[in-house]
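Student: Sequence below, structure please.
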Amino acid sequence: MDAHASSPSRRQDAFVPRSLLLSGEDVHRAVRRMAHEVVEHVRDTQSLVVLGLQTGGVAFAELLARSLYDITSQSVVQGTLDVSFYRDDVAQRPFITSAASQVPVDLNDRQVLLVDDVLFTGRTIRSALNALADFGRPRAVQLAVMVDRGHRELPIRPDYVGKNLPTALAEEIVATPEGVWIGTRSDS
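Tutor: Sure, this is the predicted structure:
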């Protein structure tokens, strides 16, 4: 795959990619590995609800749900969770109107797997935990991320990680099913 053909620079207006760290094939392989880990640890996938965090985690949640089906031959409940209104930096982030939460079942006594693209400070996951309360009281909540880039500000740790990629604070990571890039934000 040509790293520039699918480069996120067009999709992410201010992101300037420096290099491709994982190809689309690498990403899919990592998601399949995470799915095997989920099956090993969760066992009862019938009670599992896979929730992709809007917007970056949705595509990875879909890939993970598909991989879980391929492994178990059982569909898992899948949805999306928008944490915009639960953020502690709500004034700094724009709302995306098409990113509403879609949680298709009551979460009471369910196992929830939150899925996101990149784990950085942990603040988005804290917001997600607050948002979950609006949909019930899960039996357990686990976290799967495609990339853990470090620099945590809160005591949050993922249960399943596609790739640990330590970064400098000034660097940015963009993760999509087509690949994972490292770069910087431009001031344009």
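
Student: from the middle of its chain, how far away would the helix or strand hosting residue 59 be?
Tutor: Element membership for residue 59, per DSSP states H and E: helix 56-72. The chain centroid and the centroid of helix 56-72 are separated by 11 Å under C-alpha atoms, centre = their mean, to the nearest Å.

Student: got the contact list for it?
Tutor: Applying C-beta atoms under 8 Å, 6 or more residues apart in numbering, the contact partners of helix 56-72 are 28, 31-32, 34-36, 38-39, 45, 48, 50-53, 74-76, 78, 80, 113-118, 144-146, 162, 175-177. For every residue, glycine as well, the C-beta is placed using N, CA and C.

Student: Kindly report the same for stretch 177-188.
Tutor: With C-beta under 8 Å, 6+ apart as the criterion, stretch 177-188 contacts 1, 3, 6-8, 14-24, 26-28, 59-60, 63, 146-147, 163, 165, 167, 170-175.

Student: What count of nearby residues applies to residue 40?
Tutor: Residue 40 has 9 neighbours, counted by other C-beta atoms under 10 Å.

Student: Which members of the contacts of helix 56-72 are positioned in strands?
Tutor: Counting by DSSP state E, these place 48, 50-53, 78, 80, 113-118, 144-146, 162, 175-176 in strands.

Student: Now restrict the residues you listed to buried residues only.
Tutor: Taking 16 or more other C-beta atoms under 10 Å as the criterion, what is buried in those is 48, 50-53, 78, 80, 113-118, 144-146, 162, 175-176.

Student: contacting residues around the residue most central in space within the chain?
Tutor: For the chain, the residue nearest the mean C-alpha position is residue 116 (1.0 Å; C-alpha atoms, centre = their mean). Contact analysis of residue 116 by C-beta under 8 Å, 6+ apart lists 52, 53, 56, 57, 60, 124, 125, 128, 143, 144, 145, 146.

Student: Same check on residue 39?
Tutor: For residue 39, the contacting residues are 45, 68, 71, 72, by C-beta under 8 Å, 6+ apart.

Student: what about the third one, how many neighbours?
Tutor: So that's residue 71. By other C-beta under 10 Å, the residues close to residue 71 number 15.

Student: Distance from the chain centre to the longest helix along the chain, please.
Tutor: Ranked by residue count, the top helix of the chain under DSSP state H comes out as helix 24-42. Centroid displacement of helix 24-42 relative to its chain, using C-alpha atoms, centre = their mean, is 13 Å.

Student: next one: stretch 44-54
Tutor: Offset of stretch 44-54 from its chain centre (C-alpha atoms, centre = their mean): 12 Å.

Student: Output that stretch as PDB, nothing but the C-alphas.
Tutor: Taking C-alpha atoms only, stretch 44-54 is exported to PDB below (Å, rounded to 0.1, in the frame of the first residue of the first chain):
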ATOM      1  CA  ASP A  44     -19.300 -15.400  27.500                       C
ATOM      2  CA  THR A  45     -19.500 -13.300  24.300                       C
ATOM      3  CA  GLN A  46     -23.300 -13.500  24.500                       C
ATOM      4  CA  SER A  47     -23.300 -10.900  27.200                       C
ATOM      5  CA  LEU A  48     -20.700  -8.700  25.500                       C
ATOM      6  CA  VAL A  49     -21.500  -5.300  24.100                       C
ATOM      7  CA  VAL A  50     -18.800  -3.700  21.900                       C
ATOM      8  CA  LEU A  51     -19.000   0.100  21.900                       C
ATOM      9  CA  GLY A  52     -16.800   2.200  19.600                       C
ATOM     10  CA  LEU A  53     -16.100   5.700  20.900                       C
ATOM     11  CA  GLN A  54     -17.100   8.400  18.500                       C
END
